[in-house]
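> 3D model of this:
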Amino acid sequence: MSEKNLGYNIRVKAEKVDYKVFRDQLEIVKRADAAGIHYLGIPEFFARFDSKRLHSLPYMGAVATVTEHAKFGPDVMEVPLLHPIHVADTTATYDVMSNGRYVLGVGVGIWPSEYDNFQLPWKERGQRLDEALDIMKKLWTEPAIYDYRGKFFTLKNVCSPPCVQKPHPPVWVGGGSDAALRRTAQYGNEWAPAWWMPGMAEEGDMEAKAAPGEKLSWTTHGLKKGFTWESALKKLREYCTKYKRELVLGRAPRTPKEVGFNMRINVNINPDREKAIEEARHFWVDVRAGRTQGAGSFEMKLKQAAVGNAEDVIEKFEEVYKSGAHCIVVYPITTDSKTLWDRIEKEVLPSL
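Reported below is the predicted structural model:
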């Protein structure tokens, strides 16, 4: 029997950012943990043209201290912008703070401007992530690194705090590209392909509103035309075979040799489906100005979203579970996070 786990993405960017918004979100975190939610994701951003956001690293410390059961982690961290020693140390620290509930979500990002601001070459992002993952795994599983010489990093006599989870906390790899699938099989424990859905690559280029003059396309994202779950999972299975690992669908991986699959979906629930769409549109177009998730039109996002009454949302979830994902992470597309969580807790969770 397949697992049907549910995750929830904690709001760190909204119509405004202040102490009350933070405390309100922390209340949802505590309620979600008590309700048995599988995973709590905290979005990560660097150098974005967007002041209405908080940073994930201190936020995750707060999540670790007010929860007891749920897994949590950055969804996802742009590791190429950071030093691997920093990421390895914070990962081990959060794992200790939570008694082994931390999940490191990694990705390369979708905004070249972030790399410009960090004075790092956009074209080297994938290679930097691969080398960082290699270093971090050594730091987590070996007593120390005494001499490491890579393309980007040279390390001598360095170690990291011990992790609670063995051999190390799970690594979830974000992205919809072939490189992301290969990286998952080589270094990761689960593929976490964000909001990718079949047919989205055919929607064409996206004009980003977050930074003047910045343009993104699905080519930049790495998503290829003709993308389907079947083709992506087939390729992931091929990479797993290459790296002597096994792709498991419909459940979480249970051993380091296994690789799993989880998914994110934009969600708004209202008994009146048209009101749900209008609430989602208001959040996407008026409040966030299309800046969330790499821009793109609301109509394109709506095609893959779970927006409507509870029955509509559960039906969409079932479609994703059938694809092989064992966990769906809810992205709240609303300015009223509390009401959305109320409806998830009362009307969606009991069906899983």
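> once you drop chain neighbours, what's closest to residue 127?
Spatially, and ignoring its direct neighbours in sequence, residue 127 is nearest to residue 151 (6.6 Å; C-beta to C-beta, 6 or more residues apart in numbering). Glycine gets a C-beta too; all of them are placed from N, C-alpha and C.
> the one you found contacts residue 132, correct?
No - contact criterion C-beta atoms under 8 Å: residue 151 and residue 132 do not qualify, at 11.1 Å.
> for these two, indicate the residue with more neighbours.
It is residue 132, of residue 151 and residue 132, that has more neighbours when counted by other C-beta atoms under 10 Å, with 24 against 10.
> can I assume that one sits in a strand?
No - remark: residue 132 does not belong to a strand; assigned using DSSP: H, G, I helix; E, B strand; the rest coil, it is helix.
> what's the closest non-adjacent residue to it?
residue 84 (3.9 Å).
> can you count the residues close to that neighbour?
Residue 84, neighbours per other C-beta under 10 Å, totals 28.
> how close does it sit to residue 55?
Separation of residue 84 from residue 55 (C-beta to C-beta, to the nearest Å): 19 Å.
> so which elements touch the helix or strand containing residue 24?
Using DSSP states H and E, residue 24 falls within helix 19-34. If you count contacts as 3 or more C-beta pairs under 8 Å, 6 or more residues apart in numbering; DSSP states H and E, helix 19-34 packs onto strand 39-42, helix 56-66, helix 337-343.
> re the thing from before, now do the residue nearest to residue 127, the pLDDT please.
Looking at residue 151, its pLDDT stands at 97.
> again, but for residue 286
Residue 286 carries a pLDDT value of 81.
> in three-state terms, label it for me.
Three-state assignment for residue 286 (three-state DSSP): helix.
> re earlier: what's the helix holding residue 24 in contact with?
If you take C-beta atoms under 8 Å, 6 or more residues apart in numbering as the criterion, helix 19-34 is touched by 8, 10-12, 14, 40, 54, 62-63, 66-70, 337-338, 341, 345.
> tilt between it and helix 56-66?
Per axes from the mean of the first three to the mean of the last three C-alpha atoms, to 10 degrees, the angle that helix 19-34 makes with helix 56-66 is 50 degrees.
> mind listing what's buried in helix 19-34?
Neighbour counts using 16 or more other C-beta atoms under 10 Å place 21, 25, 26, 28, 29, 31, 32, 33 of helix 19-34 among the buried residues.
> list phi and psi for the residue nearest the centre of the chain.
Closest residue to the average C-alpha location of the chain: residue 75 at 3.0 Å, with C-alpha atoms, centre = their mean. With angles defined as degrees, to the nearest 10, residue 75 sits at phi -130, psi 80.
> for residue 60, see how far away it is.
Taken as C-beta to C-beta, the span from residue 75 to residue 60 is 10 Å.
> any residues in contact with both of those two?
Common neighbours of residue 75 and residue 60 (criterion: C-beta under 8 Å, 6+ apart): residue 42.
> list the contacts of residue 254.
Residue 254 sits next to residue 248 when contact means C-beta under 8 Å, 6+ apart.
> and it, what's its pLDDT?
Residue 254 carries a pLDDT score of 96 in this model.
> Three-state assignment for it, please.
What three-state DSSP gives for residue 254 is coil.
> which strands and helices sit next to the host helix or strand of residue 322?
Assigned by DSSP H and E, residue 322 falls within helix 310-323. With contacts taken as 3+ C-beta pairs under 8 Å, 6+ apart, helix 310-323 sits against strand 258-269, strand 306-308, strand 327-332.
> got the angle between that helix and strand 258-269?
Comparing the axes of helix 310-323 and strand 258-269 via the same axes, to 10 degrees yields an angle of 160 degrees.
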